[in-house]
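S.K.: After the sequence you'll find the predicted model.
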Amino acid sequence: MTLRHKTKDPLAEINRSQQEEIKRYKWIESEKLGKDIGWEQARQEWLAKHFPAWKQDRWHRAIREAVTAEVSLN
C-alpha cells in the first residue's frame with residue numbers, strides 16, 4: 001500500500017469556504033429574527049449581499065499566495 005500525497009483541491013476549498021460563510025450568515029440573521037431563516041433564504045441573501053466582496057477577497061488572497069509561493073521557489 002502506498003501513501004499518496006493529498007493535494008488541496010482548490011475548487012473544493014472554495015466551495016467549503018463559501019458554505020461556511022453562508023452558514024455563519026444564516027446563524028447571524030436567524031439570531032436577529034429570533035427564528036431559523038433556512039438554508040435557501042440564507043444562501044440567496046448571502047449571494048446577493050456578500051458574494052461579490054467575498055469573491056474579490058478570495059481572488060486577491062489567491063494572487064498573494066501564488067506570488068508568495070513563486071518567491072519561495074526562487
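M.R.: Noted; the coordinates are in hand.
S.K.: Just the element for the closest residue in space to Gln18 that isn't next to it in sequence, please.
M.R.: The spatially closest residue to Gln18, leaving aside those adjacent along the chain, is Trp54, at 7.2 Å (C-beta to C-beta, 6 or more residues apart in numbering). (Each C-beta comes from the backbone N, C-alpha and C, glycine too.) The secondary structure element spanning Trp54 is helix 51-73 (assigned by DSSP states H and E).
S.K.: which helices and strands does that helix pack with?
M.R.: If contacts are counted by 3 or more C-beta pairs under 8 Å, 6 or more residues apart in numbering; DSSP states H and E, helix 51-73 sits against helix 10-33.
S.K.: Tell me the secondary structure of Asp36, please.
M.R.: The three-state label given to Asp36 by DSSP: H, G, I helix; E, B strand; the rest coil is coil.
S.K.: Confirm for me that it is in contact with Ser30.
M.R.: Yes. Because the distance of 4.9 Å satisfies C-beta atoms under 8 Å, Asp36 is recorded as touching Ser30.
S.K.: The helix holding Trp54 relative to helix 10-33, how many degrees between them?
M.R.: Here helix 51-73 points in a direction 140 degrees away from that of helix 10-33 (axes from the mean of the first three to the mean of the last three C-alpha atoms, to 10 degrees).
S.K.: so what's the residue nearest the centre of the chain up against?
M.R.: In the chain, the C-alpha closest to the average C-alpha coordinate belongs to Ser17, at a distance of 2.4 Å (C-alpha atoms, centre = their mean). Listed by C-beta atoms under 8 Å, 6 or more residues apart in numbering, the contact set of Ser17 reads Arg58.
S.K.: Next one: it, what pLDDT does it get?
M.R.: At Ser17, the model reports a pLDDT of 91.
S.K.: That one and Glu31: what is the separation?
M.R.: 22 Å (C-beta to C-beta, to the nearest Å).
S.K.: so where's this protein shaky on pLDDT?
M.R.: Where the chain drops to pLDDT under 70, the residues are 1-7, 70-74.
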